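Asker: sequence and computational prediction follow.
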There are 2 protein chains.
Amino acid sequence: MNEPIDVPPSLLDLSTYLLSRTGKAARTRLAERLARRGLRLWHLAVLAALADFGPHVQRDLSVRLSVDPSDIAKVVDELAAAGWVDRSRDPADRRRIRVTVTDPGRTALRELQAEAEAVQAELLAPLSAAERTRLHGLLRRLFDGDPGTPED
Amino acid sequence: MNEPIDVPPSLLDLSTYLLSRTGKAARTRLAERLARRGLRLWHLAVLAALADFGPHVQRDLSVRLSVDPSDIAKVVDELAAAGWVDRSRDPADRRRIRVTVTDPGRTALRELQAEAEAVQAELLAPLSAAERTRLHGLLRRLFDGDPGTPED
DNA sequence: CGAAATAGTGGGTCTGCACCCACTATAGGT
DNA sequence: ACCTATAGTGGGTGCAGACCCACTATTTCG
C-alpha cells in the first residue's frame, strides 16, 4: 500500500479511477485487519448476514450473498470451527444445514464491525462528519442503483 | 458481477464496505472494457502517466506508479507492441530506456478515457450532475488525504 | 582498471478470488 | 421402488495482482 508519489491527473479526473482506487484502499485495509485474526471478508459478510437476517440454510446464504455454494461451505466451516456459528441439519429436510450465529459469534461480529469502523476513521480522516455522512449517502445510492432524492 | 439480492444492512452501514464494494464494481467494469481491447488497468495508467508528465525512463515510471520495475517492463513492452509508445536508449546513459507516447498512443489514451467515462456514466447513473461533482470532490480528498476545506 | 551500483528483463512464486465438476446424502414425484 | 432433483462438500482450475530473484548490460567510483 505505498501511496504513489504522483498520480497522472488525467486519471484523477475520472471518478471511475478514484472510486476504484479508494475502494481498493478500503478493501485492502479491512482485509489486512481481518487477516490478523485469520479471517477474510466473507467471514464478516456471512456473519453479518446471519445476524441481520437470522439463521439461514447454506443454500440461501449462497444466494443472498451471490457466492458459490461450495465457497460458502468453506467459510461456514471456518466460522463453525471458531464457535461463531452452529450448524444443524434441518430435521424436516436432512439435506439442508441450518446455520445460526452463536453469542460468541455476535460478539465477534461487533469486534469486526469495530475494525471496519477503525478503517473508516483512517480512510475518512480528511472529511468532516457531515461530509462523511454525505459520502455515505452518495455511495449508498450508487450501491443499490437507487435514484433516491436528489438534493440539488 | 451479479448484484446481491439483499445485502446485510449492518454492512451497508459501513462506509468501508460501501467504498470497497462500489470501488470493486468500478474496477471490474473498467477492467472488463479494457480487457475487450486486450488491455489491463496498468496500460491505461502508464499511458496516462506518459501523456501527463511526458517521457519517462522506465525506472521513474515504476517509482511514480509504485509498480515493480519488472512489471513496468512488461506493460511497456505491450504498449510498444501496439505502437503506442516508443522506447529509446538514453544516449547519455545507455542502461536507461526512455519511454514516450506516440500519436497513436495519445489517440488510444483518449479512447480508453472515453471507456472510463462510459463506465462512469453507468455507475453514477443514480446521481445528479451536481452530486457527481460532489462525490468526485469527496473521493478526491480521500484519495490524497488532503483535508481541503471542510464546508460544514 | 576493477569493484560496486544501477536499469532493465525473463521467469518464476504466492495470494485471493471466482468458478466449476464430481460425488454423497437425502428428498420428492409418479 | 425408481428416477430425478437438490443440498452440501472436497478438490480442483484459471486469472490477476503484487512481489521477487537471477542475470545482463552499462555506468560510476575508488
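Answerer: Everything's here; your move.
Asker: quick one: residues in contact with stretch A:27-45.
Answerer: For stretch A:27-45, the external contacting residues (CB atoms under 8 Å, 6 or more residues apart in numbering or on different chains) are A:1, A:65, A:67, A:71, A:75, A:78-79, A:109, A:112, A:115-116, A:118-119, A:122-123, B:8, B:11, B:16-17, B:19-20, B:23-24. (Glycine included, C-beta is placed from N, CA and C.)
Asker: what's the pLDDT at A:D6?
Answerer: If you check A:D6, the pLDDT there is 73.
Asker: number of residues surrounding the nearest residue in space to it that is not next to it in sequence?
Answerer: In space, and not counting its chain neighbours, A:D6 is closest to B:R64: 5.8 Å by CB to CB, 6 or more residues apart in numbering or on different chains. Around B:R64 sit 19 other residues, with neighbours defined as other CB atoms under 10 Å in any protein chain shown.
Asker: might one say that B:R64 is in contact with B:A49?
Answerer: Yes. With contacts counted by CB atoms under 8 Å, B:R64 reaches B:A49, the gap being 6.0 Å.
Asker: low-confidence ranges, chain A, go.
Answerer: Applying pLDDT under 70 to chain A flags residues A:1-5, A:146-152.
Asker: kindly recompute the last result at 50.
Answerer: For chain A, the stretches with pLDDT under 50 are A:1-4, A:146-152.
Asker: how much space between the residue most central in space within it and DNA strand C?
Answerer: Residue closest to the average C-alpha location in chain A (CA atoms, centre = their mean): A:A45, at 4.7 Å. To DNA strand C, A:A45 is 10 Å away according to CB to the nearest atom of the strand, to the nearest Å.
Asker: residue most distant from the centroid, chain A?
Answerer: Chain A, CA atoms, centre = their mean, max distance from centroid: A:A92 (31.8 Å).
Asker: helix or strand: which one has that one?
Answerer: Secondary structure assignment for A:A92, by DSSP states H and E: no helix or strand.
Asker: coming back round to it: show me the contacts of stretch A:27-45 that map onto strands.
Answerer: Among the contacts of stretch A:27-45, DSSP state E puts none in strands.
Asker: show me which of those are buried.
Answerer: Applying 16 or more other CB atoms under 10 Å in any protein chain shown to the contacts of stretch A:27-45, the neighbour count classes A:65, A:67, A:75, A:78-79, A:109, A:112, A:115-116, A:119, A:123, B:8, B:11, B:16-17, B:19-20, B:23-24 as buried.
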